[in-house]
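Quick one: sequence plus predicted model below, questions after.
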Amino acid sequence: MRLSRSGVFVLLTLAVFLTTNCNYYDRVMSRKNLVDGSLAYKERKFDEAEDLFKRAAARDPDGSTVEGKTAQLFLARTLHSRYIGNRSDKSIAEAAIAEYQKSLDLDKNDQSSYKAIASLYENLQRTDDWQQWVTARANNTSIEPQFRAEALTSLAARQNTCANEVSDTEATKKTVQRDGKDVFQFVKPASDEEFQKLRQCVARGTELINQAVALEPDAVKNAGSLNVESLSDVQLKDNTDLIKAFESARSYKASLTLQAMRLAEMEGRTADRDRLKQEADKARAEFVALSDVGKALQAKTEERVAVKKEEANANTANANRN
């Protein structure tokens with residue numbers, strides 16, 4: 001939830017005359033409120049920050065300017081931080097959700113606001129609201145595919161947990177000898193209700209994760225051919241963000257295929273068990289390959305940040321000597 005003061009200055013100097021809906025004086029005052037509010041936020045003076053961001057947001061309630069959009073998002077984050085500091089006051093969480101929703105109304109691809117609302121629903125233990133919220137995001141075909149994939153993966157992850165709670169127990173996971181090696185053998189739980197729960201969770205989870213993986217763009221499918229050295233800083237970030245979404249999807253694809261393999265073994269479907277084991281191994285390898293690309297992108301990003309920091313320190317030292 002940190003607000004970078006330098007980031008605020010960058011945002012607020014982007015487009016001074018992009019719109020005419022708010023006069024110049026109001027925009028200047030909004031920028032001042034935003035910078036002062038950012039400083040107050042950094043110092044954890046959340047009440048003061050909230051007041052300043054509210055003033056800026058009130059000058060442009062439609063979010064037609066950079067200042068208005070920024071104020072709306074910063075107000076939501078401030079309320080969120082206030083709730084984290086005082087979880088007994090759920091009304092603050094509700095207010096944060098409302099303000100994040102306004103930010104999303106201004107930019108449907110605002111992934112940070114979407115995730116913040118999902119997190120608040122979890123903190124409030126509003127499971128049904130979380131489910132509806134994430135499902136709506138997963139079904140929203142007007143947003144970027146990777147954002148739909150993240151929502152679908154979140155839903156699939158819960159189904160994977162549901163399946164694992166049944167399949168990974170002392171009663172269902174036995175150690176046996178096979179081809180001279182200790183391996184796990186999966187047997188049906190004693191309760192038919194638990195077994196049906198496993199079947200349903202595997203089926204639903206597999207359906208969801210297949211939808212997520214199907215959204216992979218060519219940039220992800222061909223990520224292994226990326227020339228990391230040649231990418232600009234912006235391209236590094238964009239590729240990193242894109243790969244993260246589908247890296248998680250591939251990981252859960254492997255996990256849910258393993259759950260399907262366990263189910264097949266419990267039902268005595270040996271051929272299906274062996275086929276699913278091969279599919280799980282393949283899915284795991286595809287996840288690792290994409291993860292390696294993500295690590296290479298992150299390493300290059302960190303390397304460039306370190307170089308820039310060294311250059312800045314050297315420039316400061318030179319200036320001080322002069």
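Yep, that arrived.

buried set for the helix or strand harbouring Ser251?
Using DSSP states H and E, Ser251 falls within helix 233-266. Across helix 233-266, burial judged by 16 or more other CB atoms under 10 Å covers 236, 239-240, 242-266. C-beta here means a position set from N, CA and C on the backbone, and glycine is covered the same way.

One more: stretch 178-191?
For stretch 178-191, the neighbour count (16+ other CB under 10 Å) marks Phe186, Lys188, Pro189 as buried.

Which of those residues sits closest to Arg304?
Phe186 (47.0 Å; CB to CB).

who are the neighbours in contact with that closest one?
With contact set as CB atoms under 8 Å, 6 or more residues apart in numbering, Phe186 has these partners: Ser167, Thr172, Lys173, Lys174, Arg262, Leu263, Glu265, Met266.

re the thing from before, next, format the buried residues of stretch 178-191 as JSON lines and append secondary structure, distance to Phe195 and pLDDT.
Listed next are the buried residues of stretch 178-191 as JSON lines, based on DSSP: H, G, I helix; E, B strand; the rest coil; distance: CB to CB, whole Å; pLDDT from 0 to 100:
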{"residue": "Phe186", "secondary structure": "strand", "distance to Phe195": "11", "pLDDT": "94"}
{"residue": "Lys188", "secondary structure": "coil", "distance to Phe195": "5", "pLDDT": "95"}
{"residue": "Pro189", "secondary structure": "coil", "distance to Phe195": "5", "pLDDT": "95"}
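
and which of these is nearest Pro217?
Phe186 (35.7 Å).

mind checking how far that closest one is from Glu267?
10 Å (CB to CB, to the nearest Å).

Can you pull out the low-pLDDT segments for the protein?
1-22, 322 (pLDDT under 70).

now the helices for it?
Ranges of helices within the chain are 5-12, 24-42, 46-59, 66-85, 90-106, 111-123, 127-138, 145-167, 192-214, 218-221, 233-266, 270-321, based on DSSP state H.

Would you list the phi and psi of Ser142?
With angles defined as degrees, to the nearest 10, Ser142 sits at phi -90, psi 0.

Apologies, that question was intended for Pro61.
Dihedral angles (degrees, to the nearest 10) for Pro61: phi -60, psi -20.

got the contact list for it?
Gly68.

For Trp130, give me its contacts.
Taking CB under 8 Å, 6+ apart as the test, what Trp130 contacts is Ala118, Tyr121, Glu122.

Would you mind listing which of the residues you listed are buried?
Buried among those (16+ other CB under 10 Å): Ala118, Tyr121.

and the contacts of Trp130 as TSV, adding distance to Gln278?
Below are the contacts of Trp130 laid out as TSV (distance: CB to CB, whole Å):
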residue	distance to Gln278
Ala118	35
Tyr121	38
Glu122	36
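
Domain-wise, how is the chain divided?
Following automatic domain parsing, the chain resolves into domains at 1-125, 127-322.

Mean neighbour count, those domains: which tops it?
Counting by mean count of other CB atoms under 10 Å, domain 1-125 has the highest mean neighbour count of the domains of the chain, with a mean of 18.
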